[in-house]
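J.: this is the structure alone, sequence omitted:
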């Protein structure tokens, strides 16, 4: 099982959660970003339907595969620095 971690970080004059190199929208407080990250992490663990998907990689090549609806990652939220 894959594990993903949402990290709370300062971003664009406020706070955001980050997964890999992708940032969420900016929130006015650390607590708001933390609450949103917890919701996103919980939603990512919900099983869906098995479906065919297509995606383009960084080189511009398209790929097709079957995404298993019950193959969900384990998620966690890293609180990051406190908002002092």
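T.: Arrived safely. Fair warning: this is a prediction, and the values are worked out from it, not measured in the lab.
J.: C-alpha only now, for contacts and for neighbours.
T.: Fine.
J.: tell me the buried residues in stretch 61-74?
T.: residue 73 (16 or more other Cα atoms under 10 Å).
J.: what is the end-to-end distance of that stretch?
T.: 29 Å (Cα to Cα, to the nearest Å).
J.: outside of that stretch, which residues touch it?
T.: 1-4, 44-57 (Cα atoms under 8 Å, 6 or more residues apart in numbering).
J.: do the same with stretch 9-21
T.: Here stretch 9-21 has contacts from 4-8, 23-30, 32-34, 36-37, 80-81, using Cα under 8 Å, 6+ apart.
J.: just stretch 26-43 next, same as before
T.: 6-8, 11-17, 75-77, 79, 82-83.
J.: now the buried members of the contacts of stretch 9-21.
T.: Buried among the contacts of stretch 9-21 by 16+ other Cα under 10 Å: 5-8, 23-24, 26-27, 30, 33-34, 36-37.
J.: output the residues you listed as TSV; include the columns distance to residue 64, secondary structure and pLDDT.
T.: Output for these, formatted as TSV (distance: Cα to Cα, whole Å; DSSP: H, G, I helix; E, B strand; the rest coil; pLDDT from 0 to 100):
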residue	distance to residue 64	secondary structure	pLDDT
5	26	strand	94
6	27	strand	95
7	30	strand	96
8	33	strand	97
23	26	strand	96
24	27	coil	97
26	33	coil	97
27	35	strand	98
30	38	helix	96
33	34	helix	97
34	34	helix	97
36	31	helix	97
37	29	helix	97
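J.: ok, then the element right after the helix or strand residue 39 falls within?
T.: If you go by DSSP states H and E, residue 39 is part of helix 30-44. Scanning forward in sequence from helix 30-44 by DSSP H and E, the next helix or strand is strand 51-56.
J.: which is the next helix or strand following that next one?
T.: strand 62-67.
J.: tell me which two of the contacts of stretch 26-43 sit farthest apart.
T.: 13 and 75 (26.3 Å; Cα to Cα).
J.: so between the two, which is more surrounded?
T.: residue 75 (17 against 10; other Cα atoms under 10 Å).
J.: what pairs with that one across the strands?
T.: Beta bridges link residue 75 to residue 4, judged by DSSP bridges.
J.: with residue 51 instead?
T.: Here residue 51, judged by DSSP bridges, has bridge partners residue 67.
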